[in-house]
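S.K.: Build me a model:
(one chain, ligands or ions: 1)
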Amino acid sequence: MDGLLTPRESAKFIAENSRDVFIDGGGVRRVAELLLAKAAGPELRVGAWKAFHELNPKAADEAAVNWVFVTDTLNFSFWSESDEHKCLVGYGGKTYSGYWSLCAAVNRALDEGIPMTSASYYATVTLDEVRHILRSDTDVPMPLIEERHRILNETGKILLEKFEGSFLNCVRKSDKSAQKLLHLVVESFPSYRDVSQFEGKRISFYKRAQILVADTWSVLEGKGDGCFKDISRITMFADYRLPQVLVYLGALKYSDELLEKLLKGEMLSYGNRQEVEIRGCSLWCVELIRDCLLELTEKKGEKTSGEINSILLDYFLWDYARDHREDMKGIPFHRTRCIYY
Ligand SMILES: Nc1nc2c(c(CN[C@H]3C=C[C@H](O)[C@@H]3O)cn2[C@@H]2O[C@H](COP(=O)(O)O)[C@@H](O)[C@H]2O)c(=O)[nH]1
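M.R.: Have a look, this model is predicted:
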C-alpha cells in the first residue's frame, strides 16, 4: 500500500472514483454565490468563533486553549436514534443538544469546580465521574460515554508525559505551522488518527485534528501562538452535518440506492466505501466552493475581511445547518458511530 494521502489529496482521489456520491457544479456555484453575499460580513472571519457562540471561551489564554483541546478530544458522534429523544444539557438558562451539549457540560463542570480542562484531572477521571460530568437532562445519555472516558484517560496521560499537561506547549512546538501542529497531534494522540483506505490507497480525513487546529487558531484569534502562516491549508472537517447541508444546498448528490439506505436510517460502518465517499466528496466539494468563491470575489472586486479559507466556510456551513435544522428534516445525515467525528 502507498503512502498516506493528505486529507485534500484523499478527497480529490475519492471524488474522482466515487460511485454513489457526486458533486454538482451548478450547486457549487450557487453555494459560492450565497457565501459571496457574506464575504465582507462578520460571519466569514476568525472573530465569529467567539462573537456568535456564547459557550466558546472569550479569553485567548492557556486555559482557553486547554478548553479547546479537551472539547475537541470529545468532539464526536452526538447524533441520536431519534431526533425527538436525545441528550440535552441545560446551561445558563438555555438547553443545548449535539456538539453544544458537550460544550455546555464542560462549562457546567467548570462552574461546579471540576477542573475538566486540566490534564492531571482527566488523565485519571473515573467512568462514574465522566457520566456525571456529561450527564443529560433527559433519559438519553451522550453517546459513547465509555469511549469518551477511555479517550480522556489516554489523552490526559499523553499530554502530561509529552507536553507538561498543557496543549499550549504542543502548539508552541509547531513553529506556527498548522500542518506541523496537525501532524504533531495525530502522531501524539491515537484517538485523532482518522484514517481509512479507498481503492487500495491509504487516505486521511483527520477531522478532529483539523478542527482542533482550527479552533486553536480561532480561540487565539489568529494572533500570537495562533498566528499560523499556513492556516489556509487546513480543509473542511468531514463530519456528518456538512454532507447533509451540502446535499440540502444542491452541491452534493447521492445515488438513489445510497439515498434510500440513508432515508431508512441504516448505519454505515467507519471506513465503509459509501461512508468514505460521503466524507471525501464533501471535503472536495467545499474546496471547489472555496475556489469558486475566491474567483467571484476577485471578479466582483468584493472586499473580504481577510483571507477566506476552508475553515471559515466550514464553520459558516455548519452553523447554517444548525440554523436550518427544520428545513433540512427531509435530508438524511449518514449514521456512523465512531470516535473520529
Ligand atoms: N464540519 C464541522 N463539524 C463540526 C463542527 C462542530 C463545532 N464547531 C463549532 C464550534 C465553534 C465553531 O464556530 C463551530 O461553529 C462540531 N462538528 C461536528 O458536527 C457533529 C455534531 O453536529 P450536531 O449533532 O448538529 O451537534 C459532530 O460530528 C461534530 O464533531 C464544525 O464547526 N464543523
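S.K.: which one is whichever residue of the chain sits closest to the ligand nearest to, not counting chain neighbours?
M.R.: Nearest residue of the chain to the ligand, counting by Cβ to the nearest ligand atom: Gly98, 2.1 Å away. (Each C-beta comes from the backbone N, C-alpha and C, glycine too.) Closest residue to Gly98 apart from its sequence neighbours, by Cβ to Cβ, 6 or more residues apart in numbering: Phe78 at 4.3 Å.
S.K.: Ok, Leu34 next?
M.R.: Leaving aside its chain neighbours, Leu34 sits nearest to Leu249 (7.4 Å; criterion: Cβ to Cβ, 6+ apart).
S.K.: got it, and Pro57?
M.R.: Ala64 (3.8 Å).
S.K.: Surely the one you found is in contact with Ser218?
M.R.: No. Taking Cβ atoms under 8 Å as the definition, Ala64 is not a contact partner of Ser218, at 10.1 Å.
S.K.: So for the two, which sits in the more crowded spot?
M.R.: Ser218 (25 against 19; other Cβ atoms under 10 Å).
S.K.: Mind jotting down where the strands sit in this structure?
M.R.: Under the criterion DSSP state E, the chain contains strands at 21-23, 88-91, 94-97, 195-198, 201-204, 252-254.
S.K.: May I see the buried residues of the fifth one?
M.R.: This means strand 201-204. Within strand 201-204, the residues that count as buried by 16 or more other Cβ atoms under 10 Å are Lys201, Ile203, Ser204.
S.K.: got a list of contacts for it?
M.R.: 1-7, 10, 13-14, 194-197, 276, 280 (Cβ atoms under 8 Å, 6 or more residues apart in numbering).
S.K.: repeat that with 10 Å
M.R.: Residues from elsewhere that reach strand 201-204, judged by Cβ atoms under 10 Å, 6 or more residues apart in numbering: 1-11, 13-14, 17, 182, 186, 193-197, 210, 238, 271, 276, 279-280.
S.K.: show me what contacts the residue nearest to Leu34?
M.R.: Leu249 sits next to 24, 27-28, 30-31, 34, 285, 289, 317, 320-321, 324, 328, 331 when contact means Cβ under 10 Å, 6+ apart.
S.K.: before we move on, what about Leu127?
M.R.: So Leu127 contacts Ile145, Glu146, Arg148, His149, Arg150, Leu152, Asn153 (Cβ under 10 Å, 6+ apart).
S.K.: Show me what from the protein comes close to the ligand.
M.R.: 49, 53, 56, 75-76, 78-79, 98-99, 236-237, 239-242, 314-315, 318-319, 341 (Cβ under 6 Å from any ligand atom).
S.K.: quick one, helices of the stretch 1-150 of the chain?
M.R.: 7-17, 25-36, 48-51, 62-73, 98-111, 119-122, 127-133, 145-163 (DSSP state H, counting those that start in this stretch).
S.K.: for those helices, which one ends up most surrounded?
M.R.: Sort the helices of the stretch 1-150 of the chain by mean neighbour count, taking mean count of other Cβ atoms under 10 Å, and helix 62-73 sits at the top with a mean of 22.
S.K.: got the angle for that one vs helix 98-111?
M.R.: Note on geometry: by axes from the mean of the first three to the mean of the last three Cα atoms, to 10 degrees, helix 62-73 and helix 98-111 are set 140 degrees apart in direction.
S.K.: for helix 62-73, the distance to its chain's centre please.
M.R.: Offset of helix 62-73 from its chain centre (Cα atoms, centre = their mean, to the nearest Å): 14 Å.
S.K.: picking that back up, now distance to Met267 too, for the strands of the chain, in a markdown table please.
M.R.: Converted to a markdown table, the strands of the chain look like this (distance: least, Cβ to Cβ, whole Å):
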| stretch | distance to Met267 |
| --- | --- |
| strand 21-23 | 17 |
| strand 88-91 | 23 |
| strand 94-97 | 20 |
| strand 195-198 | 16 |
| strand 201-204 | 21 |
| strand 252-254 | 16 |
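S.K.: on that earlier part again, next, the contact list for the residue nearest to Pro57, please.
M.R.: Lys50, Asn56, Pro57, Lys58, Thr117, Leu168, Thr216, Val219, Leu220.
S.K.: By neighbours, which of these wins?
M.R.: Busiest of the contacts of Ala64 [other Cβ under 10 Å] is Thr216, holding 26 neighbours.
S.K.: pretty sure it is touching Leu184, no?
M.R.: No. Applying Cβ atoms under 10 Å, one finds Thr216 not in contact with Leu184, separated by 11.7 Å.
S.K.: Can you pull the residues that touch both of the two?
M.R.: Cys170, Val171, Ser174.
S.K.: Skipping adjacent residues, who's closest to the last one in space?
M.R.: The one in question is Ser174. Nearest residue to Ser174, sequence neighbours excluded (Cβ to Cβ, 6+ apart): Leu181, at 3.7 Å.
S.K.: coming back round to it: any idea how far Asn75 is from the residue nearest to Leu34?
M.R.: Leu249 is 23 Å from Asn75, where distance means Cβ to Cβ, to the nearest Å.
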